[in-house]
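Undergrad: sequence and predicted structure, then a few things I'm wondering about:
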Amino acid sequence: MTPPRRRATLPAAKSAGQSTGGAGSKASKRTVGAGLKPAQPPAKRIASARSRSAGHLVVSIGCPAGVGPEVSVAAALRYAAGEAPAGPGRTRVRGARPSVVLVGDSATLRAAVDFLGVGEHLLVPFAMSADGAPAPPGAVLVYDPGVRVSPRDRAPGAPTRRAGAAQLAFIEAAYGLTRALPRAALVTGPVSKEAIARSGVPGSETFLGHTEWLQALDGAASSVMCFASQALVTSLVTTHLPVSAVPSALTRSGVKTACVALAELLAARGHAEPRIAVCSLNPHAGEGELLGVEERTAIAPGIGAARRACAARFIGPIGAETAYRKAARGEYAGVVAMYHDQATIPMKLLAFGDAVNITMGLSIVRTSVDHGTGYDIAWRGTADPSGMLSALVCAEQLLARR
């Protein structure tokens, strides 16, 4: 099912004196989330900020009971300090960097700060201003959408219904803030689809993932899930649906859209006319229709339509094992997959923790980590923030090309 299409609004922020239900440092002028105001400035103020701000990377911190809060805080502070992920070709945009805005409840962010042992003064309440509200050097901005999360709700690996509702509220508030700011990208932390779907929030039972939900919030005609790393770049024709439903879900239009989206992403990464492999659905590309007809009925027509729509060179349909093997060797700039695990298995074998999830087709830039909630390691001090740092740097690069 598709999530209900509704307009994202920014909820009123919690006042400094309102209880958050969590332990933390005593409130002060720079306490996380203290005195935050909803981002509802007049249009003229938003317009005047364009030329003065380097922009913002708005981060929804994910499930409070998972690794999202700790990796979001840790990565944001590393990003604000000027760090970038290690590896060949890892360069960031020159000049001033966008400011990071963490979107989450004050109690959970205070808990993450205390847990990581970093200075709480480095997290500064966000407020829209005429200069685009940049963060002080080395600091990170915080926007509290007014959601109460108790210590029980963020118990490691045991999300409550309220935790499910909170992570959905973080997504929607972060999306709304990204749209309200003059120049911003959305970066999402890991969420539990099950916890959100069972949270009791009206419409949440249809939640299948960020990609589908954000498409509905955005009113976009389409959205394409992509993954990018130094080793591999790929897009998906279908996303979160049962494997048994994939054949009937493949259409000429869907294949074309995923092909063109990948070409656009590769162009943003410096590939003017990339060679792109397009996977078959069936083994051996259907073996002359002995193993299936989807290559003829949907995939080949979609490739033909994509060739007419953009300058990329599409090769296929070819077997997925051949497409990904050759792409990993550099023979293809990217690969179009037909279904979820066809793309994510090679991606995570080659670049787990380094890859970035990117949604193409939206009116905004959206990136995310390539990992889940990590309930088994949450709040233990072993979660690696490198994936979130990669997502921040990727969002910065994509935002600079808009």
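TA: Alright, I've got the coordinates.
Undergrad: could you list the buried residues of the helix or strand that contains Val113?
TA: Val113 belongs to helix 106-116 when assigned by DSSP states H and E. Buried positions in helix 106-116, judged by neighbour count with 16 or more other CB atoms under 10 Å: 106-113, 116. For glycine as for every other residue, the C-beta is placed from the backbone atoms N, C-alpha and C.
Undergrad: tell me which stretches of the stretch 151-300 of the chain form strands.
TA: 184-188, 224-228, 233-236, 275-279 (DSSP state E, counting those that start in this stretch).
Undergrad: contacting residues around the second one?
TA: Applying CB atoms under 8 Å, 6 or more residues apart in numbering, the contact partners of strand 224-228 are 211, 233-236, 239, 257-258, 261-262, 265, 269, 343-344, 347, 355-361, 370, 394.
Undergrad: ok, now stretch 380-391?
TA: Against stretch 380-391 from outside (CB under 8 Å, 6+ apart): 59, 67, 70-72, 74-76, 78-79, 83-85, 115, 156, 187, 189, 353-357, 367-371, 374, 377.
Undergrad: could you rerun that using 7 Å?
TA: Stretch 380-391 is contacted from outside by 67, 70-72, 74-75, 78-79, 83, 85, 187, 189, 353-354, 356, 367-371, 374, 377, using CB atoms under 7 Å, 6 or more residues apart in numbering.
Undergrad: now, the residues you listed that are in helices?
TA: Secondary structure from DSSP state H places 70-72, 74-75, 78-79 of these in helices.
Undergrad: please produce JSON lines containing the residues you listed, extended by distance to Ala249 and neighbour count.
TA: Formatted as JSON lines, the ones in helices among the contacts of stretch 380-391 follow (distance: CB to CB, whole Å; neighbours: other CB atoms under 10 Å):
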{"residue": "Glu70", "distance to Ala249": "36", "neighbour count": "28"}
{"residue": "Val71", "distance to Ala249": "32", "neighbour count": "29"}
{"residue": "Ser72", "distance to Ala249": "33", "neighbour count": "32"}
{"residue": "Ala74", "distance to Ala249": "38", "neighbour count": "22"}
{"residue": "Ala75", "distance to Ala249": "34", "neighbour count": "29"}
{"residue": "Arg78", "distance to Ala249": "39", "neighbour count": "17"}
{"residue": "Tyr79", "distance to Ala249": "37", "neighbour count": "28"}
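Undergrad: so which bits of stretch 394-402 are buried?
TA: Within stretch 394-402, the residues scored as buried using 16+ other CB under 10 Å are 394-400.
Undergrad: err, stretch 248-259, not the other one
TA: 250-252, 254-259.
Undergrad: what's the separation between the spatially closest residue to Ser235 that is not a sequence neighbour and Phe227?
TA: Ranked by CB to CB, 6 or more residues apart in numbering and with sequence neighbours excluded, the top spatial neighbour of Ser235 is Leu262, at 3.9 Å. With distances taken as CB to CB, to the nearest Å, Leu262 is found 10 Å from Phe227.
Undergrad: neighbour-wise, which of those two wins?
TA: Leu262 (31 against 25; other CB atoms under 10 Å).
Undergrad: which parts of the stretch 301-402 of the chain are strands?
TA: 313-318, 334-337, 356-360, 365-369.
Undergrad: so which of those strands is nearest Ala135?
TA: Of all the strands of the stretch 301-402 of the chain, it is strand 365-369 that lies closest to Ala135, at 18.6 Å by CB to CB.
Undergrad: can you list the strands that the closest one pairs with?
TA: Using DSSP bridges, the strands paired with strand 365-369 are strand 184-188 (parallel), strand 356-360 (antiparallel).
Undergrad: list the contacts of Leu236.
TA: 224-225, 258, 337, 339-340, 343.
Undergrad: need the buried ones from these selected in ChimeraX.
TA: Selection of buried members from those for ChimeraX, criterion 16+ other CB under 10 Å:
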select :224,225,258,337,339,340,343
